[in-house]
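K.L.:
Sequence first, predicted coordinates after that:
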Amino acid sequence: MHILFAASECVPYSKTGGLADVVGALPRAIAQLGHQATVYLPLYRQTQLPQAATAIASITIPFDDRYRFCSVVDGGRHHGVQYYFIDYPPYFDRDALYGTPLGDYTDNPERYSLFCRAVLEASKILGVPDVFHCHDWQTAMIPVLLRSLYEEDPSLSGIPTVFTIHNIGYQGIFPPDTLPLLMLPWDLFTISKLEFFGKINFLKGALVFSDYITTVSRRYAHEIQTAEYGFGLEGVLRGRSSTVSGILNGVDYDEWDPSRDRFIAARYSPKSLAAKQDCRRDLLKSFALEPETTAPVIGIVSRFAAQKGFDLIALAADRLAREDVRVCVLGSGDKTYEDLFRRLVRQYPGRFAARFGYDNEMAHKIEAGADMFLMPSRYEPCGLNQIYSLRYGTVPIVRATGGLDDTIEPWDSRSGTGTGFKFREYTPEALLTSVQAALNVFQVKAEWRQLMMNGMKRDFSWLVAAREYMKIYEKVSAARHAAV
Ligand code: ADP
Ligand code: GLC
């Protein structure tokens, strides 16, 4: 089969979070299974392309004020996957992908609608796939366009779409007059289509018009069908529950494995753990903390967003600082949380240390050098860092939600089973109880070693997930053929 992936970020070309890791790895795994995989991405200022050639010189995208002309750049074939980039500098040659710390770019609906249209038009020239696989609200217009304006296009009609929700907290909600601006028909503005409390909701459109909806863990697939986690779209998802499922993300172990990680101070594996101590010293030095301390080191690598549970950390911080721990934080995003960590570093020097900004190398050093990894998320569709942590022998302490709940098994000292610590209640007390439990086990060296080993031996390779996706691609394809 030929699967076309459309997404707004993908390693190594562009990244703000886990979406990029997934779009970087899943198509490779699909190619490894013997299928054709093509990835379409925006050509951002940040995108580095060593060998690029023009694939299509000009594609016309009508807007209500004027035509816009974008081109398509051929990024080549890597690990069996073909990459194409939509080039439109007025929209994508900017400082950041989605916006500044002050807020999202206001023309995001135009930017990503242009991208979606260009992908459809380019595919007609460069190869129509058997399935379009779209990711998050930025690509939501692909299923919407296919079932509206493009319905009668002889090349594209009948091509099924699979849509993956990586985070239902980001929906792409805009004023209704965005519709005519994008040359979309007003009949999409009804409650059964894109209308959402008087506005248009891109993600809702994708949920209505896609043939199949997936999300990135089984637990999150259930959660988003409830009012607590659905962000207002739970009803739409419940209405489609027979075509909604959760497939847990995998890990690209070429990138995230301490036995071959190019960024860390020393390499280690379950058979030779000693070098993890070198990584620990290196990490403490990088954060200007005393490198020889025996106190446990807790790592955090995160987008600074409300989703990630930083309000709990704020409430627990004073009590956490009374323990003999070191906390190393790397993050970027919401200024509120940057201010929080600046304050904690000032208030508890030698205990808390923080770095701000996006730094992939440092993310690897934290995974390798920390003893524990903290993710107290309010909600977490999948979460990749806790899965990386397992492989690095860095014991996760997580809130039992979404993918965090699906991937971490609680440590049981009697049976010696389990891979981490988790708490359910969204309270600072519950967080502190879990941290305390981890600190207690850390003192019992044999138990801690067993706990690390349990995690390091877990395997979350992509091929398992890729096979699940293949079943869905085949199912939607067969259903479309049967319908014709
Ligand atoms: P999310 O996608 O919600 O941000 P995930 O756990 O799925 O959460 O993925 C986060 C990814 O982004 C990981 O690969 C993590 O290492 C990376 N990451 C997050 N913040 C930073 C940062 N400040 N610097 C470098 N990498 C980061
Ligand atoms: C989103 C989610 C995260 C998930 C990632 C990749 O950014 O917040 O939990 O791991 O997408 O699917």
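P.N.:
Structure's in. What do you need? Ligands and ions are numbered 1, 2, ... in the order given.

K.L.:
Close to ligand 2: what parts of the stretch 201-350 of the chain are there?
P.N.:
When proximity is defined as C-beta under 6 Å from any ligand atom, the stretch 201-350 of the chain approaches ligand 2 at V216, N249. Every C-beta, even on glycine, is put in place using the N, C-alpha and C of the backbone.

K.L.:
For the stretch 201-350 of the chain, just list every one of the strands.
P.N.:
Using DSSP state E, counting those that start in this stretch, the strands of the stretch 201-350 of the chain run over 212-215, 244-246, 297-304, 326-333.

K.L.:
List the buried residues of the shortest one.
P.N.:
Buried residues in strand 244-246, counted by 16 or more other C-beta atoms under 10 Å: V244, G246.

K.L.:
mind listing what that strand pairs with, with the direction of each?
P.N.:
Within its sheet, and counting by DSSP bridges, strand 244-246 is paired with strand 212-215 (parallel).

K.L.:
same question, the third one
P.N.:
As defined by DSSP bridges, the strand partners of strand 297-304 come to strand 326-333 (parallel), strand 372-375 (parallel).

K.L.:
Which single residue of the stretch 351-484 of the chain ends up nearest ligand 2?
P.N.:
Residue nearest to ligand 2 within the stretch 351-484 of the chain: C382 (3.4 Å; C-beta to the nearest ligand atom).

K.L.:
Can you name the residues that contact the closest residue to S241 other than its chain neighbours?
P.N.:
The shortest distance from S241 to any non-neighbouring residue, by C-beta to C-beta, 6 or more residues apart in numbering, is to Q225 (6.4 Å). For Q225, the contacting residues are E234, L237, R238, S241, V244, taking C-beta atoms under 8 Å, 6 or more residues apart in numbering as the criterion.

K.L.:
Okay, and the beta partners of the last one?
P.N.:
Listed beta-bridge partners, V244: I213 (assigned using DSSP bridges).

K.L.:
buried set for the top helix by length along the chain?
P.N.:
Across the chain, the helix with the greatest residue count (assigned by DSSP state H) is helix 462-483. Using 16+ other C-beta under 10 Å as the burial criterion, the residues of helix 462-483 that qualify are W462, A465, A466, Y469, M470, I472, Y473, V476, S477, R480.

K.L.:
Redo the strands of the stretch 201-350 of the chain as CSV? Include mean pLDDT and distance to G393.
P.N.:
Shown next, in CSV, are these (pLDDT from 0 to 100; distance: least, C-beta to C-beta, whole Å):
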stretch, mean pLDDT, distance to G393
strand 212-215, 98, 29
strand 244-246, 98, 27
strand 297-304, 97, 12
strand 326-333, 96, 16
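
K.L.:
Give me the residue ranges of the stretch 251-400 of the chain where confidence is low.
P.N.:
When the per-residue scores of the stretch 251-400 of the chain are filtered using pLDDT under 70, no range remains.

K.L.:
Around ligand 1, pick out the residues from it.
P.N.:
Proximity of the stretch 251-400 of the chain to ligand 1 is assessed by C-beta under 6 Å from any ligand atom, with 301-303, 330-332, 358-360, 363, 382-385 identified as the residues in range.

K.L.:
Now list the buried members of these.
P.N.:
Here, 16+ other C-beta under 10 Å leaves V301, S302, L330, G331, S332, A363, C382, G383, L384, N385 buried among those.

K.L.:
I159 touches G127, doesn't it?
P.N.:
No. Under the criterion of C-beta atoms under 8 Å, I159 is not in contact with G127, lying 11.6 Å apart.

K.L.:
doesn't A430 fall inside a strand?
P.N.:
No. Counting by DSSP: H, G, I helix; E, B strand; the rest coil, A430 is not found in a strand; it is helix.

K.L.:
From E228, how far off is the closest residue to it other than its chain neighbours?
P.N.:
Spatial nearest neighbour of A430, chain neighbours left out: F423 (4.0 Å); criterion: C-beta to C-beta, 6+ apart. Shown here: F423 relative to E228, a distance of 17 Å by C-beta to C-beta, to the nearest Å.

K.L.:
Equivalent analysis for M1, please.
P.N.:
For M1, the distance to E228 (C-beta to C-beta) stands at 37 Å.

K.L.:
the more surrounded of these two?
P.N.:
Using other C-beta atoms under 10 Å, the more surrounded residue of M1 and E228 is M1, with 15 against 10.

K.L.:
list the contacts for that one?
P.N.:
Residues near M1 by C-beta under 8 Å, 6+ apart: H35, Q36, D130, V131, M470, Y473, E474, S477.

K.L.:
can you pull the contacts of the closest residue to it other than its chain neighbours?
P.N.:
Of all residues not flanking M1 in the chain, D130 sits nearest, at 4.6 Å (C-beta to C-beta, 6+ apart). In this structure, D130 makes contact with M1, H2, I3, I159, P160, Y473, S477, judged by C-beta under 8 Å, 6+ apart.

K.L.:
same deal with G331?
P.N.:
Contacts of G331 were listed using C-beta under 8 Å, 6+ apart, and they are I300, V301, S302, R303, F304, Y337, E338, F341, A354, F356.

K.L.:
For the third one, give the beta-bridge partners.
P.N.:
When bridges are assigned using DSSP bridges, the partners listed for S302 are G331.

K.L.:
Ok, the last one next?
P.N.:
For F356, the residues forming beta bridges with it (DSSP bridges) are G331.

K.L.:
how close does it sit to Q386?
P.N.:
For F356, the distance to Q386 - C-beta to C-beta - is 22 Å.

K.L.:
more crowded one of these two?
P.N.:
Under the neighbour definition other C-beta under 10 Å, F356 and Q386 were set side by side, and Q386 has more, 26 against 16.

K.L.:
so what's the closest residue to ligand 1 within the stretch 151-300 of the chain closest to, chain neighbours aside?
P.N.:
Using C-beta to the nearest ligand atom, the single residue of the stretch 151-300 of the chain nearest to ligand 1 is N167, 6.2 Å away. Closest residue in space to N167, ignoring its immediate chain neighbours: P381 at 5.4 Å, by C-beta to C-beta, 6+ apart.

K.L.:
Tell me if I'm right that the one you found and R218 touch.
P.N.:
No. P381 is beyond contact range of R218, at 11.1 Å (criterion: C-beta under 8 Å).

K.L.:
Comparing the two, which residue is more hemmed in?
P.N.:
Of the pair P381 and R218, P381 is the one with more neighbours under other C-beta under 10 Å, namely 29 against 16.

K.L.:
Could you tell me the end-to-end distance of stretch 367-379?
P.N.:
Across stretch 367-379, the terminal residues are separated by 21 Å (C-alpha to C-alpha, to the nearest Å).

K.L.:
that older thread, buried only: go through the contacts of Q225 for me.
P.N.:
Among those, those classed as buried by neighbour count (16+ other C-beta under 10 Å) are E234, L237, V244.

K.L.:
Just the closest of the residues you listed to M453, please.
P.N.:
V244 (36.1 Å; C-beta to C-beta).
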